[in-house]
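[1] sharing a model prediction with you, sequence too.
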Amino acid sequence: MGEDIATRKKQRIVGEVEQFAMPQSGASPWPTKLRALWHALVALLAQHAGVDPQQLQLLVNGRVPPTEAAGARKGDQPLQLHVQDEKLLIAGRQKGEQAPHFDRDDSADKLKQVYTIILYLTDGVDSTAFPQFPLDEFAVPEFDAHDVVQNAAAMRATVERGCLNKERYDRWPVRVGDMALFTQATMHFGTKNNILHERIALFSVLTPFDEKRQDDYQIYSWLYVGFAYGEQSRESAEALWQARDFEPLQRFSANASGRRSHEAYISCLLRWGYIRWNPHARKNQPLRWTADSERRPSPLSQDAVARLFYGEEA
């Protein structure tokens, strides 16, 4: 990227990783030739990993042959895959550690059709951490039209098998040019950068769908436990507390839906004594996680939490 990195759109994601957009146009575009080479490399990796070559015709040739394109519209050809959401990920020294998660909430069927691709651009670092267990041991959340979880029992079995524990995930040393490809139904997490300088990787999504939903709503381990046991359960509070170093309460958006979720999880943590809150102190006071020895259950309804936070009914 060179000196123009400062002009690119930047986000800071979990693990204090800086994420830079790779736009096709504007003040600092990614050259078309480099993008084409990247897409060709993605296609080769996908074929090597067993992706149906017929799904890669658009990516390899730039278009689908007319007869096959017509067939695809009729539903008798596989959906065509394309690359989107190219980003450069930069983790500083001792940064990059994340909680186990997968990158978007969606149906299990859709998640298994979307792939994440990572090209490692730094020597001597660890790869992303991936499960030791077969993917069919991990129940992906399934929701109905009202966002009610339909497979909570299977998700509880996943938790009880230890499939959210970091000890059940492996990492490997990587070199410049190594690549990873995995479906977005795969739980994974970024690892800490233990070298003396920045760790850099190129990230992309290989998908048959037009919508771009990467990072809209990532499913972290504490959300998964909440879906499995209920958002007011002791298990949910324990999962949030165990992940406190990752600031789980800051992962909710500021919109109305996000605020409601935030209040629900605060209520859960207060109920089971995992955070401390002084109802006589000023509003919007900082929350403090309790130590094991301090834990004192203190039931509060979600409406009561809303009044403590905002002085109003939920």
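    Perfect, I can see it now.

[2] the worst-scoring helix or strand of the chain on mean pLDDT: what's the following helix or strand?
    The least trusted helix or strand in the chain, going by mean pLDDT, DSSP states H and E, turns out to be helix 66-74, with a mean of 42. Using DSSP states H and E, the helix or strand that follows helix 66-74 in sequence is strand 82-91.

[3] so what does the helix or strand just after that next one touch, helix or strand wise?
    Once strand 82-91 ends, the next helix or strand along the chain (criterion: DSSP H and E) is strand 101-102. Contacts defined by 3 or more Cβ pairs under 8 Å, 6 or more residues apart in numbering; DSSP states H and E place strand 101-102 against strand 219-220. (Glycine included, C-beta is placed from N, CA and C.)

[4] domain assignment for the chain?
    Domain assignment for the chain by automatic domain parsing gives 2-217, 230-310.

[5] what's the closest of those to Tyr224?
    Nearest to Tyr224, of all the domains of the chain, is domain 2-217, at 6.5 Å by Cβ to Cβ.

[6] check the offset of the closest one from the chain's centre.
    In terms of Cα atoms, centre = their mean, to the nearest Å, the centre of domain 2-217 is found 9 Å from the chain centre.

[7] got the residue ranges for the helices in the chain?
    Here the chain has its helices, by DSSP state H, at 32-48, 57-61, 66-74, 108-111, 152-160, 221-229, 234-242, 256-272, 302-310.

[8] tell me the helices and strands packed up against the second one.
    Packing contacts for helix 57-61, counted by 3+ Cβ pairs under 8 Å, 6+ apart, involve helix 32-48, strand 82-91.

[9] so which bits of it are buried?
    Going by neighbour count (16 or more other Cβ atoms under 10 Å), the buried part of helix 57-61 is 57-59.

[10] reformat the helices and strands packed on helix 57-61 as a markdown table; add distance to Asp170.
    Output for these, formatted as a markdown table (distance: least, Cβ to Cβ, whole Å):
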| stretch | distance to Asp170 |
| --- | --- |
| helix 32-48 | 20 |
| strand 82-91 | 19 |
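
[11] pick the most deeply packed of the ones you listed.
    Of all the helices and strands packed on helix 57-61, strand 82-91 has the most neighbours on average by mean count of other Cβ atoms under 10 Å, namely a mean of 19.

[12] pull up the pairing partners for it, direction included.
    Note on strand 82-91: by DSSP bridges, its sheet partners are strand 17-21 (antiparallel), strand 199-207 (antiparallel).

[13] low pLDDT regions in the stretch 1-150 of the chain?
    Scanning the stretch 1-150 of the chain for pLDDT under 70 picks out the ranges 1-9, 26-27, 62-78.

[14] Arg93 reaches Lys192, doesn't it?
    No: counting by Cβ atoms under 8 Å, Arg93 stays clear of Lys192, with 9.4 Å between them.

[15] one step back: packed most tightly, which of the helices of the chain would that be?
    Neighbour counts (mean count of other Cβ under 10 Å) averaged over each of the helices of the chain peak at helix 221-229, with a mean of 24.

[16] so what secondary structure elements neighbour that helix?
    If you count contacts as 3+ Cβ pairs under 8 Å, 6+ apart, helix 221-229 packs onto helix 152-160, helix 234-242.

[17] got JSON lines for those helices, with mean pLDDT and distance to Glu137 too?
    Formatted as JSON lines, the helices and strands packed on helix 221-229 follow (pLDDT from 0 to 100; distance: least, Cβ to Cβ, whole Å):
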{"stretch": "helix 152-160", "mean pLDDT": "95", "distance to Glu137": "7"}
{"stretch": "helix 234-242", "mean pLDDT": "92", "distance to Glu137": "19"}
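
[18] wait, what's in contact with Met194?
    Residue 194: Asn, not Met. 94, 125-126 (Cβ atoms under 8 Å, 6 or more residues apart in numbering).

[19] hmm, 10 Å instead?
    By Cβ atoms under 10 Å, 6 or more residues apart in numbering, the contact list for Asn194 reads 93-94, 96-97, 124-126.

[20] pull stretch 141-149 out as PDB, backbone CA atoms only.
    Only the C-alpha atoms of stretch 141-149 are listed here, as PDB (Å, rounded to 0.1, in the frame of the first residue of the first chain):
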ATOM      1  CA  PRO A 141     -27.400 -21.000  15.600                       C
ATOM      2  CA  GLU A 142     -30.700 -21.400  13.600                       C
ATOM      3  CA  PHE A 143     -33.300 -18.700  14.000                       C
ATOM      4  CA  ASP A 144     -37.000 -18.400  13.000                       C
ATOM      5  CA  ALA A 145     -38.500 -15.400  11.400                       C
ATOM      6  CA  HIS A 146     -38.700 -13.700  14.800                       C
ATOM      7  CA  ASP A 147     -35.000 -14.300  15.600                       C
ATOM      8  CA  VAL A 148     -35.900 -17.000  18.100                       C
ATOM      9  CA  VAL A 149     -33.200 -19.700  18.400                       C
END
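
[21] alright, that wraps it up for me.
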